[in-house]
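J.: Okay, predicted coordinates and the sequence, questions at the end:
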Amino acid sequence: MRPGPGGGPYSVAMSKGRLEAFSDGVFAVIITIMVLELKAPHGADWQAFRPLLPMFLTYALSYVFLGIYWNNHHHMMHASDRINGAVLWANLHLLFWLSLVPFVTGWMGENHFAPLPTAVYGGVLFMAGVAFVILEGRLLDAGNPRLAEAVGKDVKGKISAVLYLSAIPLAFVNELIADGIYVFVAMMWLVPDRRIEKKLSAPS
């Protein structure tokens, strides 16, 4: 980053290519760490696999969440032309919370969806959602009108944050309720959101 007049940074000189490449690498490492936590069953029948089922289901859910974040991150960056230092730090903040996904995935799976690990899992997802909103806000502040037109009020993101937050205390009431909320949010985001694609493909 080169200093601008008065010591400020030249945000226009920054390229988003390195940010995207670094982020893609971190996503790949997170998924790799997560899959390495899966242990092969000690046996060749379904009874041997049964104790590992909670861990596998947690891995599958986390894999879907990471895929959703990667997909939306890709679209958001594709709709952005300008980044600055605040965007870089906001992106690192998002990656920090996502890097904790393998830890909470293993903890919840190993303990068969016990209340505390399930609540902490929801806490990490909530903070990742907040971090994504912060990143989106910093990109808008950097001056990306195409992104601003595409995201609008981001109702789905706000609903997701509320659901994550509600799942944390509900995990201590009944962890199955919290797990159901996590699955519901994942299914909600699996429905294609083509706002950004439509804005990018629309004639200027």
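T.: All right, it came through fine. Residues are numbered from 1 along each chain as shown.

J.: Stretch 24-40: how far from the chain's middle?
T.: Taking C-alpha atoms, centre = their mean, to the nearest Å, one finds stretch 24-40 lying 14 Å from the centre of the chain it belongs to.

J.: ok, Leu61 to Asn144 distance?
T.: 31 Å (C-beta to C-beta, to the nearest Å). To be clear about C-beta, it is placed using only N, CA and C from the backbone, and glycine gets the same treatment.

J.: Tell me who's in contact with the residue positioned nearest the centre of the chain.
T.: Geometric centre of the chain, nearest residue: Tyr69, 3.7 Å, by C-alpha atoms, centre = their mean. Residues near Tyr69 by C-beta atoms under 8 Å, 6 or more residues apart in numbering: 27, 94, 98, 128, 132.

J.: ok, and the helix or strand in this structure with the lowest average confidence?
T.: helix 195-201 (a mean of 61; mean pLDDT, DSSP states H and E).

J.: just to revisit the earlier point, please say which of Leu61 and Asn144 ends up with more neighbours.
T.: Asn144 (22 against 19; other C-beta atoms under 10 Å).

J.: Model confidence score at the closest residue to the more buried one other than its chain neighbours, please.
T.: In space, and not counting its chain neighbours, Asn144 is closest to Ser80: 4.3 Å by C-beta to C-beta, 6 or more residues apart in numbering. In this prediction, Ser80 carries a pLDDT score of 88.

J.: Also Val183?
T.: Reported pLDDT for Val183: 93.

J.: I'd guess Pro41 is in a helix, am I close?
T.: No. Counting by DSSP: H, G, I helix; E, B strand; the rest coil, Pro41 is not part of a helix but coil.

J.: For the nearest residue to it once chain neighbours are set aside, grab the count of nearby residues.
T.: Closest residue to Pro41 apart from its sequence neighbours, by C-beta to C-beta, 6+ apart: Ala48 at 4.0 Å. Ala48: 12 surrounding residues under other C-beta under 10 Å.
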